[in-house]
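S.K.: Quick one, fold the following:
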Amino acid sequence: MAATVQLTSKRPAPPKADFAFEIDFKKGEGSASRVFAATHDFIRACEALDAELVQSIDANIETIMVLEDIQIGSIKTWLRTALSAVDDDALKDLDWKKQVGAYLVKAKYAVIRWTEDQDAPKSLPDLRREIQTIAAETDVRHLPDYTPPSPTALINAMRDIQGVKERLIPGDRALLITPGGEVEMNLSIRWPIEDIEALAIARTIEQPSAEMILAVKKPDYLGTSKWDLRHGKRTIQAKIEDENWLRRFQNRQEDVRPGDALRCDVKIEHLYGHDNELLMERYTILTVKEVLVNRYVIEELPLLSGQSAPCLSLH
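M.R.: Numbers count the residues shown, from 1 in each chain. This next block holds a predicted model:
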């Protein structure tokens, strides 16, 4: 029996998914891994945002991102949020999954559209209220107790979106595709993290500068971002404003390696949001007084059969 082939101009129906993330990449340029790394980062960002967004509905709901399909040409990843809830009398008799799933898609769309719309005035409280309204439209709980997402969660989502952009190169395109519309990420726009954080800050309380010893986890060799440092068991990020010292460091006149420490004057700021909650602490190194070399060094002790193993000694 002969097979019949019929041509059509209709696009194939999308898989059973909530939304898609599409990267129309510039062929033959850039690292091949960038497309998959950006997709991975986008999925992780959505997972983190979903975990916060469902708190507006019910703290008992859990989310997991499920891969439904991948289409090639441009790389289009179709995704669905699977929902589950522990015993909760408020949800037992409701067909709540469809409403909550739609809310999560609309909220993600709102966050990315808000981030990419450069003409609209930026107000984080307005975005929180918009998402709160979207949550209330589900009417899952039949009560007006839908809380807005935390400012910190939205800041983290915007930071993650910037990270996705940084994976891609000029000529690439990245889009969020939802039943309610599409929104394209503007890859030419990069928000400094300080500008993103400033959207959530209502007031800043600055502490007098104090001398501290900060262990170096990861230096900033380019001079454009913050250093990863450690104070006791706590990891912090700090910007160094001592330009003379930075110039010597970048000219290799100052030797700083992971494990060394900086004795420095540090300014600490406590940043509070519009709900008067502490959002974050900001560390700024005003002056680097001394580089303290890590005095633990590796020595080798002989083992049986002539092998050697490292040990630590203090000089």
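
S.K.: For stretch 240-247, buried residues please.
M.R.: 240, 242, 245-246 (16 or more other CB atoms under 10 Å). (C-beta placed from N, C-alpha, C; glycine too.)

S.K.: which residues touch it?
M.R.: Identification of contacts with stretch 240-247 by CB atoms under 8 Å, 6 or more residues apart in numbering yields 220, 223, 227, 254, 264, 284-288.

S.K.: Show me which of these has the smallest pLDDT value.
M.R.: In terms of pLDDT, the least confident member of the contacts of stretch 240-247 is residue 223, at 69.

S.K.: Can you show me the strands along the stretch 151-300 of the chain?
M.R.: For the stretch 151-300 of the chain, strands defined by DSSP state E, counting those that start in this stretch occupy the ranges 173-178, 181-185, 201-206, 210-218, 227-231, 234-240, 261-273, 278-292, 296-302.

S.K.: Could you dump the ones you listed into CSV and include distance to residue 153?
M.R.: Output for the strands of the stretch 151-300 of the chain, formatted as CSV (distance: least, CB to CB, whole Å):
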stretch, distance to residue 153
strand 173-178, 18
strand 181-185, 19
strand 201-206, 15
strand 210-218, 25
strand 227-231, 22
strand 234-240, 19
strand 261-273, 12
strand 278-292, 11
strand 296-302, 39
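
S.K.: out of those strands, which comes closest to residue 122?
M.R.: Proximity to residue 122 (CB to CB) singles out strand 201-206 among these, at 12.4 Å.

S.K.: now the angle from that closest one to strand 278-292?
M.R.: 40 degrees (axes from the mean of the first three to the mean of the last three CA atoms, to 10 degrees).

S.K.: show me the contacts for residue 187.
M.R.: Residues in contact with residue 187 (CB under 8 Å, 6+ apart) are 165, 168, 170, 172-174.

S.K.: re earlier: hey, which of the strands of the stretch 151-300 of the chain is tucked in deepest?
M.R.: Most buried of the strands of the stretch 151-300 of the chain, by mean neighbour count (mean count of other CB atoms under 10 Å): strand 173-178, with a mean of 20.

S.K.: Now do it: which elements does it pack against?
M.R.: strand 19-24, helix 96-116, strand 181-185 (3 or more CB pairs under 8 Å, 6 or more residues apart in numbering; DSSP states H and E).

S.K.: Could you work out which of these reaches nearest to residue 125?
M.R.: Among the helices and strands packed on strand 173-178, helix 96-116 sits nearest to residue 125 (CB to CB), with 12.0 Å.

S.K.: picking up where we left off before, need the max-distance pair from the contacts of stretch 240-247.
M.R.: 254 and 284 (18.6 Å).
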